[in-house]
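Student: A predicted structure for the sequence below; I have some questions about it.
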Amino acid sequence: MSSKNQRITFARSPQGLPTLEDFGADEVAVPKPADGQFLSRSIYLSLDPYYRNVMKNSQIYQDRLAPGDVMVGETVAQIVESRHPEYQAGEYVAVRNGWQQYAVSKGDGVRRIDPAVAPISTALGVLGMPGLTGFAGTVSLGEPKPGDTFVVSAATGPVGSTAGQTARLMGARVVGIAGSKEKCDYAVRELGYAACVNYKEGDLATNLKAACPSGIDVYFDNVGGDTLVAVIKNLALGARIVLCGMIEAYSMDKPPAGPWLGPVVGARAIMKGLVVYDHLAMQPRMQRTVGGWIQSGQFKYREDISDGLAKAPQAFCDLMRGKNFGKALVRIGPEKV
Ligand code: NAP
């Protein structure tokens, strides 16, 4: 084990889309666990769009960043030394180590990971917070019925692919919206969607109408903006809209002009806000269900792994530009040593 701990730090709030200058880097001694703490080495770092909001110290999140602080974030890690009564060295955990190789934890909010269920990296993606968001938002808020047309944006990411495949396995006809032909082909071929519309080609509202001839019963919105505007033009009667994420707006200094919501009224649609933390009690059910689907081959996922902590800022900048393909992760260390 190295005696040095490499860290990526917060330098400043980005102007618009994040750039490498918004991050710093340093090296400090590996911390020592005190009584009631454990030391873990980070293996995978999760990169999530909401970090962009944390970087502007948005009030919705508890995390606060000052220049020089280690960037916050969830990791999959292996415990290397424990002075905590409930954790042993060698165990794999999901823990908020942030963008660094080593960190100590008191165990708050830590989840044990069973490597026998699925690859440990999935604890940050389809079997972690993004998976719970997609699963709970679909089961509890979207409530697709067999035969419903279920549309999901950012359709190949961890939230979108969990929402879309959950809806498909609940009997819905799933149509994805994604940003490239490659992503759309994957959505149809691997995720089992009936169709997938590339919003970067042609008129999205027209193409959605063709892909959803009887209208959209459920829209799981991961992006907001023009995509939401196009979907709203194609709602079926009694449609449900799950407002999950608005990535398009995260890098804007001022909120974008609102979409025209008149058709929502006309369609008697219901929009529901989703906050994953309201559904934490569903985590075991989600892990059982989605873990079972992974094991039986009914559920596919993709990961976009960058190697080395130093790649984290670039990988995050890529994520915020939609360049990731699958759950964005940074491999900080080997799974086994
Ligand atoms: P992700 O899909 O891996 O990555 C983001 C994707 O958004 C990109 O790959 C890109 O895919 C798409 N995108 C569309 N418009 C974009 C734009 N203007 N700029 C950048 N990307 C754009 O991310 P994820 O982790 O699964 O999260 C999906 C959404 O869920 C995010 O909005 C996130 O904030 C939200 N979320 C909400 C909760 C909650 O509690 N409500 C919890 C977790 C996540 P395409 O190329 O296919 O468009």
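Tutor: Looks like it came in fine.

Student: go ahead and flag the most central residue of this protein.
Tutor: Centroid-nearest residue in the chain, with CA atoms, centre = their mean: residue 130, separated by 4.0 Å.

Student: report whether it is found in a strand, as I expect.
Tutor: No - under DSSP: H, G, I helix; E, B strand; the rest coil, residue 130 falls outside any strand and is assigned helix.

Student: show me what contacts it?
Tutor: 48, 124, 157-159, 162, 327 (CB atoms under 8 Å, 6 or more residues apart in numbering). No exception for glycine: its C-beta is placed from N, CA and C like everyone else's.

Student: from these, which two are the most distant?
Tutor: Farthest pair in the contacts of residue 130 (CB to CB) is 48 and 162. Separation: 13.9 Å.

Student: neighbour-wise, which of those two wins?
Tutor: Neighbours per residue, other CB atoms under 10 Å: of residue 48 and residue 162, the larger number sits with residue 162, 30 against 22.

Student: A strand includes that one, no?
Tutor: No - assigned with three-state DSSP, residue 162 falls outside any strand and is helix.

Student: now the nearest residue to it once chain neighbours are set aside, what's its secondary structure?
Tutor: In space, and not counting its chain neighbours, residue 162 is closest to residue 134: 3.0 Å by CB to CB, 6 or more residues apart in numbering. At residue 134, secondary structure determined by three-state DSSP is helix.

Student: where does pLDDT dip in the stretch 201-337 of the chain?
Tutor: Counting by pLDDT under 70, the stretch 201-337 of the chain has low-confidence residues at 258-262, 264-265.

Student: tell me which parts of it are close to the ligand?
Tutor: 222-223, 244-245, 247-248, 274-276, 319-322, 324, 328 (CB under 6 Å from any ligand atom).

Student: closest to residue 191 among those residues?
Tutor: Closest to residue 191, out of all of these and judged by CB to CB, is residue 222, at 14.4 Å.

Student: what's near enough to touch the spatially most distant residue from the centre of the chain?
Tutor: Distance from the C-alpha centroid of the chain, by CA atoms, centre = their mean, peaks at residue 35 (33.6 Å). By CB under 8 Å, 6+ apart, the residues touching residue 35 are residue 83.

Student: try 10 Å
Tutor: By CB atoms under 10 Å, 6 or more residues apart in numbering, the contact set of residue 35 is 83-85.

Student: now it: how far from residue 112?
Tutor: 21 Å (CB to CB, to the nearest Å).

Student: swap in residue 78?
Tutor: Look at residue 78 and residue 112: by CB to CB, they are 12 Å apart.

Student: got it, and residue 222?
Tutor: As for residue 222, its distance to residue 112 is 29 Å (criterion: CB to CB).

Student: same check on residue 296?
Tutor: From residue 296 across to residue 112, the span is 23 Å (CB to CB).

Student: equivalent analysis for residue 317, please.
Tutor: Noted for residue 317: a distance of 32 Å to residue 112, by CB to CB.

Student: between those two, which is the more surrounded one?
Tutor: A direct count of neighbours by other CB under 10 Å for residue 317 and residue 112 places residue 317 higher, at 19 against 13.

Student: show me the strands in the stretch 151-300 of the chain, by range?
Tutor: Along the stretch 151-300 of the chain, counting by DSSP state E, counting those that start in this stretch, strands occupy 173-178, 195-198, 216-221, 235-243, 270-273.

Student: pLDDT of stretch 86-104, averaged?
Tutor: Averaging pLDDT along stretch 86-104 gives 98.

Student: kindly format the C-alpha coordinates of it as CSV.
Tutor: Taking Å, rounded to 0.1, in the frame of the first residue of the first chain, the C-alpha atoms of stretch 86-104 are listed here in CSV:
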residue,chain,number,x,y,z
GLU,A,86,-18.8,-3.7,12.3
TYR,A,87,-16.3,-3.7,9.4
GLN,A,88,-13.4,-5.9,8.7
ALA,A,89,-10.3,-5.5,6.5
GLY,A,90,-10.9,-6.9,3.0
GLU,A,91,-14.6,-6.1,2.8
TYR,A,92,-15.9,-4.2,-0.2
VAL,A,93,-18.1,-1.2,0.6
ALA,A,94,-19.8,1.7,-1.1
VAL,A,95,-18.6,4.7,0.7
ARG,A,96,-18.3,8.4,0.0
ASN,A,97,-14.5,8.6,-0.2
GLY,A,98,-14.5,11.4,-2.8
TRP,A,99,-12.0,11.8,-5.6
GLN,A,100,-9.0,10.3,-3.7
GLN,A,101,-7.2,7.0,-3.3
TYR,A,102,-7.7,6.6,0.4
ALA,A,103,-10.1,7.9,3.1
VAL,A,104,-11.3,7.1,6.6
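
Student: what comes up buried for that stretch?
Tutor: Buried residues in stretch 86-104, counted by 16 or more other CB atoms under 10 Å: 87, 91-104.
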